[in-house]
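Engineer: Pasting a predicted model and its sequence here:
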Amino acid sequence: MKHAGRIILSAGCLALAVSAGAEEGVADPELAQAAARFNQERRDLIASNLQLTPDEATRFWPLYERYQRAVGVLIERRRASIAEFGENYDEMSEAEAKKFIRDRIELTEQRFRLMKQYYLEFEHALPVKKLARYYQIESKIYFSVEAGIAEEIPLVK
């Protein structure tokens, strides 16, 4: 049971990475505030690194918001999978372990499909070098969050 708290904490950390605008749907007010701060910091980081022209900003930010909402659906599914892992950790069955693996693979595939799908739209919104920079920033944020989660989640018994 000692690992359950860390797993729940990891699921909570993942909840901080919710999509932009989704923090209103979070039941815990403190988590909603943390999610709002995380999303604002993400947006500020992107804005300061992209230095968009007014025309680029008009095209980019609505698309960015839509993309973040789509990513948020996947993040919520990942959070639920981690929470389920935590509930089953002490007595995980073979079937539950298999489901955990399959969920992780499926969510990773869906995230990369989403990136590819939105790439075509972002390509019309930004010059290609700014788009490459945006994808680098998104990747750094994503892998930073994933590294933090991986650090907290214990290996399956």
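Structural biologist: Right, received. Where do you want to start?

Engineer: residues in contact with residue 151?
Structural biologist: Not one residue lies near residue 151 by C-beta atoms under 8 Å, 6 or more residues apart in numbering. Where C-beta positions appear, they are placed from N, C-alpha and C, glycine not excepted.

Engineer: Pull out the buried positions in the helix or strand containing it.
Structural biologist: Per DSSP states H and E: residue 151 is located in helix 128-152. Buried positions in helix 128-152, judged by neighbour count with 16 or more other C-beta atoms under 10 Å: 130-131, 133-134, 137-138, 141, 145, 148-149, 152.

Engineer: of all those residues, which comes closest to residue 91?
Structural biologist: For the buried residues of helix 128-152, the closest approach to residue 91 (C-beta to C-beta) belongs to residue 152, at 20.2 Å.

Engineer: and the gap between that closest one and residue 109?
Structural biologist: 23 Å (C-beta to C-beta, to the nearest Å).

Engineer: now residue 83
Structural biologist: Plainly put, residue 83 is 21 Å away from residue 109 if you go by C-beta to C-beta.

Engineer: Check residue 65 too.
Structural biologist: Counting by C-beta to C-beta, the gap from residue 65 to residue 109 is 24 Å.
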